[in-house]
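J.: Got a sequence here, can you model it:
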Amino acid sequence: MEASQSEELVLRHVETDVLIPKMMREKAKERCGENVAAFSQCCKESGFFMVFKCREENAALKECLTKHYKDPAFFEECKQEYIREKLEFQRTGIPAKNRIQKLPTSM
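T.: As a prediction, the model looks like this:
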């Protein structure tokens, strides 16, 4: 009993509340790369005083990440990507992280 492509795939609770938000966090960190780098650099330079010295960078990073977390279009984009990966795994049995084609080293 294979679901047709036109039917809406029913996602489990753990998928909608854990796995898709995890994917959203990873993608949001990529999209907010400048803010992540600025905050990381500030923390490295400040040491123990980072709590006080990096407030601006931390606020900018939080704002950028929150903007993505609360965007319904971004959630839908990540949900569709998760569904594609899930269907591909069901079809092939190979997880997405292992599906990357490796080039032979003897080329």
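J.: for this protein, what's the longest helix?
T.: helix 72-92 (DSSP state H).
J.: In that helix, which residues are buried?
T.: 74-75, 78-79, 82, 85 (16 or more other CB atoms under 10 Å). C-beta: built from backbone N, CA, C; applies to glycine.
J.: pLDDT-wise, what's the bottom of those residues?
T.: By pLDDT, Glu85 ranks lowest within these, coming in at 90.
J.: Now for it: which residues touch it?
T.: Contact analysis of Glu85 by CB atoms under 8 Å, 6 or more residues apart in numbering lists Ala96.
J.: Tell me the spacing between it and Ala96.
T.: Going from Glu85 to Ala96 by CB to CB, to the nearest Å gives 5 Å.
J.: now Tyr82
T.: Distance from Tyr82 to Ala96, counting by CB to CB: 10 Å.
J.: go on, Arg31?
T.: Using CB to CB, Arg31 is found at 19 Å from Ala96.
J.: Likewise for Tyr69?
T.: 22 Å.
J.: ditto for Glu63
T.: As for Glu63, its distance to Ala96 is 30 Å (criterion: CB to CB).
J.: How about the contacts made by the closest residue to Met23 other than its chain neighbours?
T.: Closest residue to Met23 apart from its sequence neighbours, by CB to CB, 6 or more residues apart in numbering: Cys78 at 4.8 Å. Counting by CB under 8 Å, 6+ apart, Cys78 makes contact with 20, 23-24, 27.
J.: Weed out the non-buried ones from those.
T.: Among the contacts of Cys78, those buried by neighbour count (16+ other CB under 10 Å) are 20, 23-24.
J.: Where does pLDDT dip in the chain?
T.: Across the chain, residues meeting the criterion (pLDDT under 70) sit at 1-8, 98-107.
J.: ok, 90 please
T.: Counting by pLDDT under 90, the ranges of the chain that qualify are 1-11, 46-51, 88-107.
J.: those helices in it, which residues are they?
T.: 13-14, 20-31, 33-46, 50-53, 55-69, 72-92.
J.: now Leu9, nearest residue through space, not along the chain?
T.: Spatial nearest neighbour of Leu9, excluding adjacent residues (CB to CB, 6+ apart): Ile83 at 5.5 Å.
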